[in-house]
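K.L.:
Okay, sequence plus prediction incoming.
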Amino acid sequence: MTWRKGVIMMNEEQTFTISEFGRRARITVRTLRFYEELGLLVPTKQNHSGHRLYGMEELARLQQIQSLKFLGYSLQDIKSILTDETISEIEESLPLQHKLLVEKRDELNRAIEAVERVQSLIEEEKPITPTVLTSLLYQIEHEDDQKEWIKENFSDDVADRYLSLSKEQRNQMDTEMLDVLASIKKLIKDGIAPQSQEAFDVLIKLTDVATKHVEDKEELALQLEQIEDLTESDMIDFQFPSFWTKEEEAYLMEIGKAMEAMYREKGGEV
């Protein structure tokens, strides 16, 4: 038996202390100890001090674990798979594993799209606040859920028009909405009254952006009112997180009330 630092030569088979094995295998000592606790990778040899020693058998086992992790299997699944002398368990589970990996890939693609979208808006110097950022990210992450919600709550015509929008058109709507947001922030900062024409113009712009792809805007407004009557407002917020802060929402509400009052005073004339 001969010694080298961190390595013991025994019957021409190299064995390693846990730290040396971890360094060579590029895995942390903490992970190796965790695998041992799970009964997933338990070295059978020991040195004279009682410390576990790792050899080629443990290396082969570690490579098996890492290969199955690469396919997305959990450690408990891997432990079960490695106790089977055949590949029957893998064969049975591969269709589900494939489905899970595809879903993970789609999720990563959405995350990449979100990063690229936010980077683009930042480069355009749009007013990206934490509220705006989380709203954009939520919309991208839950796009499929929101499409289903739209189908369930709007007429076929309105739903079809929205769902047929290209990614470029939706991105353009976001950009225009952020421009309106910048205007709202400036009005509030400058102390502009909600009853002013300047405030009215911004709300009109906001309405135009929100409804630009809908032909029958009155029908859309009616459907929105019906949804508000039938659905708790916080449930709507769950589906569509707002770009606006509470202060901005309150300011927009005041503008809307002021425009309504002016409309009534003029006898319904615009």
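P.N.:
Arrived safely.
K.L.:
so residue 52 makes contact with residue 33?
P.N.:
No: the pair residue 52 / residue 33 is not scored as a contact, 9.3 Å apart, by Cβ atoms under 8 Å. No exception for glycine: its C-beta is placed from N, CA and C like everyone else's.
K.L.:
Next SSE downstream of the helix or strand containing residue 115?
P.N.:
Secondary structure assignment for residue 115, by DSSP states H and E: helix 88-123. Remark: after helix 88-123, the chain's next helix or strand is helix 130-141, criterion DSSP H and E.
K.L.:
That next one packs against which elements?
P.N.:
helix 88-123, helix 167-189 (3 or more Cβ pairs under 8 Å, 6 or more residues apart in numbering; DSSP states H and E).
K.L.:
about what we covered before: what angle separates the helix holding residue 115 from helix 167-189?
P.N.:
If you take axes from the mean of the first three to the mean of the last three Cα atoms, to 10 degrees, helix 88-123 sits at 50 degrees to helix 167-189.
K.L.:
who's in contact with the closest residue to residue 114 other than its chain neighbours?
P.N.:
Distances taken as Cβ to Cβ, 6 or more residues apart in numbering place residue 140 nearest to residue 114, at 4.5 Å, with adjacent residues excluded. The contact partners of residue 140, taken as Cβ atoms under 8 Å, 6 or more residues apart in numbering, are 110, 113-114, 117.
K.L.:
gap between residue 140 and residue 249?
P.N.:
From residue 140 over to residue 249 the distance is 22 Å, taken as Cβ to Cβ, to the nearest Å.
K.L.:
so residue 81 is in which element?
P.N.:
Per DSSP H and E, residue 81 falls inside helix 75-82.
K.L.:
which of the residues in that helix are buried?
P.N.:
Buried positions in helix 75-82, judged by neighbour count with 16 or more other Cβ atoms under 10 Å: 77-79, 81.
K.L.:
Repeat that for stretch 79-95.
P.N.:
Applying 16+ other Cβ under 10 Å to stretch 79-95 flags 79, 81, 93 as buried.
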